[in-house]
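Colleague: my questions are about this predicted structure, shown below with the sequence.
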Amino acid sequence: MSELVTIRTFSSSVDFEMVKAYLESMGIECFGKDEIINRAYLANVNGGAKLQVREEQAEEAVKLLIQGGYLKDEDLEPTPEMKWITKLLNRFKK
């Protein structure tokens, strides 16, 4: 069985369901992680609702999200904090 990868995280369960339905309508099998706890408690508890797809469909799913306007190219760029952390960690790998 293939691995599941998280392609997007949502603070709103409504947004999660909308994007999930969009991808499923395009033939992408979707799974949710932490969406029930996100609905039952405060938004973003446990990091929000995570939209997951099979690893082999991840690239296609991301392309569809960009085409559908649910994701922007810049959303895929690491944050300045992550760039700094990566740079710092790379110094220790040498």
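Modeller: Nice, I can see it. Fair warning: this is a prediction, and the values are worked out from it, not measured in the lab. Residues are numbered from 1 along each chain as shown.
Colleague: who's in contact with the helix or strand where residue 90 lies?
Modeller: In the assignment (DSSP states H and E), residue 90 maps to helix 80-93. Residues from elsewhere that reach helix 80-93 (C-beta atoms under 8 Å, 6 or more residues apart in numbering): residue 78. All C-beta spots, glycine's among them, are computed from the backbone N, C-alpha and C.
Colleague: may I have that helix as CSV, with CA atoms only?
Modeller: The C-alpha trace of helix 80-93 is given here as CSV (Å, rounded to 0.1, in the frame of the first residue of the first chain):
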residue,chain,number,x,y,z
PRO,A,80,12.0,32.5,5.8
GLU,A,81,12.1,30.7,9.1
MET,A,82,12.4,27.3,7.4
LYS,A,83,15.1,28.6,5.1
TRP,A,84,17.1,29.9,8.1
ILE,A,85,16.7,26.6,9.9
THR,A,86,17.7,24.6,6.9
LYS,A,87,20.8,26.8,6.4
LEU,A,88,21.7,26.3,10.1
LEU,A,89,21.2,22.5,9.9
ASN,A,90,23.3,22.3,6.8
ARG,A,91,26.2,23.9,8.6
PHE,A,92,26.2,20.9,11.1
LYS,A,93,26.1,18.4,8.2
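Colleague: by contact count, what packs against the host helix or strand of residue 9?
Modeller: Using DSSP H and E, residue 9 falls within strand 4-10. Applying 3 or more C-beta pairs under 8 Å, 6 or more residues apart in numbering; DSSP states H and E, one finds that strand 4-10 contacts helix 13-25, strand 30-33, strand 49-54, helix 58-67.
Colleague: deepest of those, which one?
Modeller: strand 49-54 (a mean of 22; mean count of other C-beta atoms under 10 Å).
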